[in-house]
Each structure stands twice: as C-alpha cells, then as structure tokens.
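>>> attaching a predicted model along with its sequence, questions to come.
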There are 2 protein chains.
Amino acid sequence: MVVDRKAESPLHKQIYDGFRAAILRRELRPGQRIPSSRELAAELRISRFPVLNAYSQLLAEGYFESRVGAGTFVSGSLPEQRMSVALPNTASVQTPSGPRPVAHRSFLYPTFHGHAAVLGWGAFGVHQPALDQFPFQTWSSLVARHSRNPGAHAIHYVNPLGTERFREAIADYLRTARGVKCDIGQIMIVSGSQQALDITARVLFDPGDPVWIEEPGYRLQRSVLIAAGCRIIPIPVDEEGMNVAAGIRTRRKAKAAFVTPSHHYPLGVTMSASRRLQLLNWAQHSGAWIVEDDYDSEYRYESLPIASLHGLDVNQRVIYIGTFSKVMFASLRLGYIVIPPDLVERFIAVRHVMDIFPPYLYQEVLSDFINEGHFTRHIRKMRQVYSEKRTALVESLRAEFGEELEIHGAEAGMHMAITLQEDLQDVEMAAKAARERLWLWPLSPSYLGEKPRKGFVLGFGSTPRDLIPQHVRHLRTILSTG
Amino acid sequence: MVVDRKAESPLHKQIYDGFRAAILRRELRPGQRIPSSRELAAELRISRFPVLNAYSQLLAEGYFESRVGAGTFVSGSLPEQRMSVALPNTASVQTPSGPRPVAHRSFLYPTFHGHAAVLGWGAFGVHQPALDQFPFQTWSSLVARHSRNPGAHAIHYVNPLGTERFREAIADYLRTARGVKCDIGQIMIVSGSQQALDITARVLFDPGDPVWIEEPGYRLQRSVLIAAGCRIIPIPVDEEGMNVAAGIRTRRKAKAAFVTPSHHYPLGVTMSASRRLQLLNWAQHSGAWIVEDDYDSEYRYESLPIASLHGLDVNQRVIYIGTFSKVMFASLRLGYIVIPPDLVERFIAVRHVMDIFPPYLYQEVLSDFINEGHFTRHIRKMRQVYSEKRTALVESLRAEFGEELEIHGAEAGMHMAITLQEDLQDVEMAAKAARERLWLWPLSPSYLGEKPRKGFVLGFGSTPRDLIPQHVRHLRTILSTG
C-alpha cells in the first residue's frame, strides 16, 4: 500500500481504492487479515483518520469484515474466482461478452431517425405554432406565481388523473368550444396525444385485435397500434373522411376505429355528418370503440369549429383525445383524454403503473391561463394570424404552380397537403428541401397501401407571412430541378 | 322553425340547432329541399346574416348540400334509419348498450386505490422530502429565467433522450457522486423511476420471460413486470441484499434481475460487495441484465455513499435508474436511465412511440441548479437534516418500544422499516393510523410469498424533528390499543 500526499485524490480515497483493487484482483484473498488502522497509519506515516474513514467504507460495502477481538479481515464471502469487474481508475473498454437478448416485441417499435423535418424549425414546419405571437410575458408571470411558493400539496400531489382544478378548466372549455360534455372524473391529464394513444391502446387491445385506421394516416398513431400487437386495417379516407362503408365491407368486426374527424391528418379533410353518424352506428352495432384524436380543431377558417364526434355519441363509445401542443407549444407536454365512465378505472390502473401522475407546475399555470381568459383570447388571435398565413400560402401556391398542383384541407388547422403528378419522389425531395431549410413532410409515408399519393404536407404556423411567397418560389425551384 | 330573440343562444346557433335536430330526428329527410336563406330570413323576420352563418356551418359539417342552380338540400348521403345520437340541448343519460370489451391484458394492471398513506402528507410519510428546507427562492428565480424568454429551440425541442445540457449535468454528477461512468448518449431523461422501469420492461421482456425480483420488494416495480407479462421470481433479501445463490438455486436462467443495491426498498439493506460481485458474475454467465434502481442513494449517514453496481460492471449489463423525486420533489417528474450502449437504439424507439420527448422547462432549470452548485449544496445540507431526524426517530423508537421492536435499514435514505411481533395486522393498523394522520406503510404487502414479515415502513423526510417523539408515542398508542 502506497499513498501520495500530493495526489488530487484524498488519502482516504487512495486507501479505499487500493484495498478494493487488491481484493478484486485477488492479491488479497477472502479471509486474509488486514493490518489494524493504527498499524497501517504508522506504516504509511499518516494520521489515523483517513485510514479509519477508508476502513469504515470498506466495511459498509462488505469488502472487509471485522471479527470481535480478532481484528479486520477481507470478507470471507467474496467469490473465489477472479472477477471481471471494473477496477478503480481504469478505463473499462472491454467489449461486452455473452448473449444480450432484448424482447422480440421491442422490434415492433420503429427505429427513430430524427428526420430533418421533425427537427428543423421554420419554413413549412408541420405542427409548429407561431411562437412570436405567444404571450410569454403573461405566461411567465403565471409560472412565477406558482413556482415561488408552492405548498406541500403542489409538490407531492399524487393523482393519476391530474389536478382537479386543471380538469375543471378543461371540462369548461370542452363544453363550450367542442360540444364535449363530460364530468371531470372522466378527464385524465397526459403528456400529449402520443401518451393518450399509448394508454388507450394498453387499456383496449390484446395482440391480434383488429383496429380500423385512416389511410393515409398519422404515422405515430400507427406505431402505437403496431407496438400493441394490433392487426391494423387501413380504411380509405376520401373527401368526406374515413369511408365507413368501405370499412364494413373490408372487415366489419373490429375492436376500434381511430379517426381525426375535425381535421384529418395529413389530408386536412373534415369528416362529414353522414360519415360521423355511420361511424357511431357501426360502433354501437358491432361493440367497437372510437378514438377521436382532435389535435388541432381550434382553428377553422370558413365556418365555426366543427363540433366533436364525442358530442354526437350517446353510447359512450368515443374516447376523446386533445392536446395543448398545437394551441400552446409542444414542449409543455400536456394533453388529455376524455374517458367513457366505465373505462376510467382501467385507464387509471394503466397510467399509475406507467408513470404514476403528471407533473404539477404547468397544470396550475395553464389552469390560470384558461380561467383568466388568456387561452380563449390567444386562440381568437391565432385564428386570425393563421387565417392570413393560410390565404397567403394558398395564393402563392396558385401563383407558382397553377393547375398542376392540388391543395387539400386548407379550411382548418396549421397545415395543408399538396399533391402534384404521381411520379414525384416525395421522400427524396423532402430530404433535399430540408438541406435547403424547407421543412416539408412527404405525403407517401402516411400511406400503408401500395399506391400512395405523392405530395407534401406544408405547415404554415411558424412561417412568417411575408416570407411565404419566397418560400413557395424556393419550393418550386427545388421541385422543378428534381 | 322558430327563433327566440331573447334567448341566450345567438340566432345563428338556434337556427343551426333547429335544423340539425330536425335532421337527426328524421323530421327532415335526406334530399329534402331547404328554403333559401333569403326566404327563411323573411319568414323569421330576422336579418339574413345569422341564417347564412347557420347554413354555412351545416354545409361545412355535411348536414346540408348545395346543388348549383337548384338550391340547398338535406344531405342525400345521411343514413336512412333513425340514429341514436345526441341531440342538441338534450341531456344524454341513456345507458350505453352492447358489448364494451377491454383488453384481457389490461387486467394485469392492479386497480389503483389511492391509499391514504400515498395521499397523506406529513408524519412518517414515505418518500416525502423536507420541503421546508428546499431553496424555493433560488429555484423560482431559475424557473423565471427560463420561462420568460424561451427560444423556438426550447419550445419545440424534439429529442427522445432529453436535452444535451441536462444529460451533461447528470453525467458529471453520476461520475463524481455515484461512480457511474457513461457517455451522455447513454442517458435518457424520463418522468421518474416508474417510467424508467416501464420503458425498460418494454425493451427487454416478452410475455413469459422470467425475471428475478427482490422479496420483499417495491410494489410498483412488481406491477410493471406483471403488466409486461413476465414470470416474476421472488429472490429473498437478507442483511446482505438479494441472495444470489438462492436465486441461482431457484432458477438460474432469468432474463434480468431488478435490484435496489444502495438502499433496499423496503428493508433499507445495502447489498454487500460479495453479493454485488456474485450478481455481476451471474449476469455475465447467464446472459442476463441487471436493473439497478438507485432511488435514494444520496443520503447515507455512517459512511460515504456506496458506489453503484453500475460502476463495478465491465460487461455493460447494468441498466441504471435514478430519480430527482426524492432529492428534489416528486411533482418535478424527472428521472433518468443510463442505458448500455448497444440498447440505446431500442430504448429510443420505445420512448418515442410512448410520449415522444420529455418536457423542456424543468430540464433547463435543473441543469442550472446542478451546474451552479445548488444541487450539491442542497444534498449536503439535507444529509445533515435527515441524519438528525433519523437519530431522533431511532432514539424515540428505542425509548418507546425497547427490545420488542426491530429497526431495519436506518443507515441510509429517508425511511426505515420496523418489525414487531409476527401476528401484527399491519395493513389494518396502517389504515387505522392514517385516520389519525400517521402515514405508515404496512410491510407485508411488499412480500409475494405466503409468510410475509409484518411491520411498517416509516418515512422521516417530511416529519419535523421536534415532533418525532410525540408521533412515536402516538404510534405506540395506536399499536397497543390494536
């Protein structure tokens, strides 16, 4: 044992490391006697304190054991064979050996590629709100109000549904703005629509269950269902939304249908009244659930917002999902589920095991933001802002592309879809555009079938209105130089 | 059609509701002609604006259709049969009919009961930190710093691992305080140890996979594994931690072992060096994973914190889980996983489908809190505070109960376990104590086997030190009047 008084590492640590390494290397054998702290201190010519400190640590961790009246020994219960463990102060660059099995079902989850279009911010970015219009002054004063002096309640609140106050604010909003009537006991706060979909799938589906989805549809919704082991049945979407009759012909018996009736993703279609009634009828007669993902229904430009499917349902078959990622901002990570009363108990059971309860602060802040009228005011203002951006985008697209381009779903939300000639390589084009900082999403990956339409989803939320014409010109240049 | 000018509902809404109800009740049939807006306005003696407004909404939603040159009609595609849908302004109290199937596997999740001991705050509450000592002034000034002027990056940050800055702060902390060496690419920010366990189970396990767990053990950890369909193999914990040799005798081949080596929950034992080496050896030879849940290792009173199991592992078989719920506060909802490099890709795939990415604000705030030294200072201070509370609790228990009571695991953390005579009805007693506002957790539900030890887990984090003697007297009264 040697120690170095000038080393950066304190003496007790050097002694601890020295003994531990010697034991792990089998230079000291189980049962071997260790000099007393007094003897070692004398030998090393140091004070006894660091030695005592190191010994007590080695005893606490079980490398040493002390026998009353006999002294201190290397623990007799340490394994006899040489261990491959990390020695102190050595870099462990060894390549791991032996089988390293993960779950077969973990491969049901698609590899995350961090697509440029997801990561980039700005021109045509999808699902990106106009942050320059967000009232951050108001917002941060509410944040400060709740972070300065939180009570124990705020800090230790354990309710898998979320806070009552926040759920009340949401219930009020849903009743007046979305025609959703529900009790606050049916509302569960989640981290966004993705977690809502995941919890829903865990409650509803066993492996092999058939589920209707929209074709084309939202990729991350599909991923949730595939990961849950569902058999997904793509049902074509036309200009009235999901074609329910086609679904019944394809496979009448399904456990659920997942739809975006207010503003279809990606095509932007609004589901018509007759399709809504057909879907509710089908669900009631075949004992199926409907999952309504209402991700950006707040913005509608040529009529009032369309009332929710949930509001038409008397059979409590609709699970309604909403999010604040679009109206507020995504890094809030707040959304909600409106759950049929008889399913609430199972939703809570699943949620509790997944992550216990949602974080507190933003629930409180957003409750105030809603209750004090900022939320409604913000939506009203943004509807105007987005309406202008939308008009600018439609006009620029018409001016640049004329009749060779078709625009879909420009009546609502923060995105529209465009289609051009069928042989367009939209995935490659989008990658190319991303290198020039235009963040379009290709349309074809939204299809499961073999004949996807080619085109792009264009967001206009975060794009400054004045820059829209030049971005569209840029887009045209990229597409024409193929 | 009648309208009421004095009604609260605006005229356009009355017209919209009137037509919609008539259509849903089949008083107006598909294909039937609707009076022009001019005709209806004249008939109702109102301006044409509200009529136009209502018509455009009914057209947008697909209840009406217009045929060029012919006028406006009830949509021909509406289903012929009478619908059971919710009519405007009627309460839908109908009992839902038909089958309402949920997943068989959803019943693997235990029903959430909201136990008093989980919900109550104060005397003996487990996992409750001393919030009165938390530097909320400092904290809230950091919160304000980051909420006042966040950039687009802050607001739209999409990285399933979490922010780089926060992962760097955690990597530094783990290296110096826990002996965990890792690259920031191995760290994933999650909402707490529960989500960490859930993601880990999704990556590692297929239904039927055998997994070692500690007996007794942490109930919510067990729930994750049961929900994942694992075959859980309870391995007895003695005064050195999980008995690895017993595990090998029971079932050598398992896919993973879940352990709390720094401070076993609930018994508070520290896993000895020899058991750690045995466990690592077993994992390497049988190709198994080790999940190390290091939930409150920061507080150790009679020696330095015990280095992690992760730090001894050269075979990259340890998945290390940490949380800020105990050192900071639970409603933060922040924790992390240190992932073996070859598993990172699967962890990201699963996390992305579950909830995309963690919320931003607190990651930034906590990065500053760590980087500016507040975190280390807070831990140092709390170690002293809890050490005093712990001593007060041990002394009070000794004074009140003498030798009839055994204390377990008082060397570390924010809780200790006590056991008394075997015939104690700990579950009933804990319920009784909760009615008198003492929040003990019964010990026996932590066991899976048929002969659980009876006793209680006593938290001392949030209990004021001066009140500890009287709470212990109160506890004695409750137990003796059993």
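Looks like it came in fine.

>>> what's near enough to touch the residue in the stretch 251-400 of chain A that chain B sits nearest to?
Proximity to chain B, evaluated over the stretch 251-400 of chain A using Cβ to the nearest Cβ, is greatest for residue A:272 at 3.0 Å. Any C-beta I mention is one placed from the backbone N, CA and C, and that applies to glycine too. Applying Cβ atoms under 8 Å, 6 or more residues apart in numbering or on different chains to residue A:272 gives the contacts A:240-241, B:61-62, B:75, B:77.

>>> per-residue confidence for it?
Per-residue pLDDT puts residue A:272 at 93.

>>> any idea how far it is from residue B:418?
Residue A:272 sits 66 Å away from residue B:418 when distances are taken as Cβ to Cβ, to the nearest Å.

>>> swap in residue A:384?
The separation that residue A:384 has from residue B:418, given Cβ to Cβ, amounts to 64 Å.

>>> the two: which is more packed in?
Between residue A:384 and residue B:418, counted using other Cβ atoms under 10 Å in any protein chain shown, the more crowded position is residue B:418 (19 against 12).

>>> near chain A at all, the helix or strand where that one lies?
Take DSSP states H and E as the rule and residue B:418 turns out to sit in strand B:415-419. No: legend: contact between strand B:415-419 and chain A by Cβ under 8 Å from any Cβ of the partner chain is lacking; minimum distance shown is 14.9 Å.

>>> list of residues touching the helix or strand hosting residue A:292?
For residue A:292, the element it lies in under DSSP H and E is strand A:289-293. For strand A:289-293, contacts defined as Cβ under 8 Å, 6+ apart pick out A:193, A:196-197, A:200, A:204, A:218, A:221, A:255-261, A:265, A:279-280, A:283, A:308-310, A:313, A:317-321.

>>> just the buried residues from the residues you listed, in PyMOL please.
Selecting only the buried entries of these in PyMOL, with 16 or more other Cβ atoms under 10 Å in any protein chain shown as the criterion:
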select buried, chain A and resi 193+196+197+200+204+218+221+255+256+257+258+259+260+261+265+279+280+283+308+309+310+313+317+318+319+320+321
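
>>> out of the contacts of strand A:289-293, which are inside strands?
A:256-259, A:318-321 (DSSP state E).

>>> restrict the residues you listed to contacts with chain B.
Okay, of the ones in strands among the contacts of strand A:289-293, nothing touches chain B (Cβ under 8 Å from any Cβ).

>>> which residues in the stretch 51-200 of chain A form helices?
A:116-119, A:136-148, A:152-156, A:164-173, A:193-204 (DSSP state H, counting those that start in this stretch).

>>> so which of those is nearest residue A:458?
Proximity to residue A:458 (Cβ to Cβ) singles out helix A:116-119 among the helices of the stretch 51-200 of chain A, at 10.8 Å.

>>> residues near residue A:20, how many?
Counted with other Cβ under 10 Å, residue A:20 comes out at 23.

>>> ok, now residue A:34?
Residue A:34, neighbours per other Cβ under 10 Å, totals 20.

>>> what is it paired to in the beta sheet?
residue A:72 (DSSP bridges).

>>> does residue A:437 count as helix, strand or coil?
Using DSSP: H, G, I helix; E, B strand; the rest coil as the criterion, the local structure at residue A:437 reads coil.

>>> in terms of contact, does it touch residue A:122 like I think?
Yes: Residue A:437 is within contact range of residue A:122, at 6.6 Å (criterion: Cβ atoms under 8 Å).

>>> contacting residues around the residue nearest to residue A:15 when sequence neighbours are not counted?
Residue nearest to residue A:15 in three dimensions, not counting chain neighbours: residue A:54, with 3.8 Å by Cβ to Cβ, 6 or more residues apart in numbering or on different chains. For residue A:54, the contacting residues are A:12-13, A:15-16, A:19, by Cβ under 8 Å, 6+ apart.

>>> switch to 10 Å and redo it
Contacts for residue A:54 (Cβ atoms under 10 Å, 6 or more residues apart in numbering or on different chains) come out as A:10-20, A:37, A:40, A:64, B:303-304.

>>> same question, residue A:300
A:262-263, A:270, A:306, A:383, A:386-387, A:411-413, B:57, B:60 are the contacts of residue A:300 under Cβ under 10 Å, 6+ apart.

>>> nearest residue to residue A:389 other than its sequence neighbours?
residue A:460 (4.5 Å).
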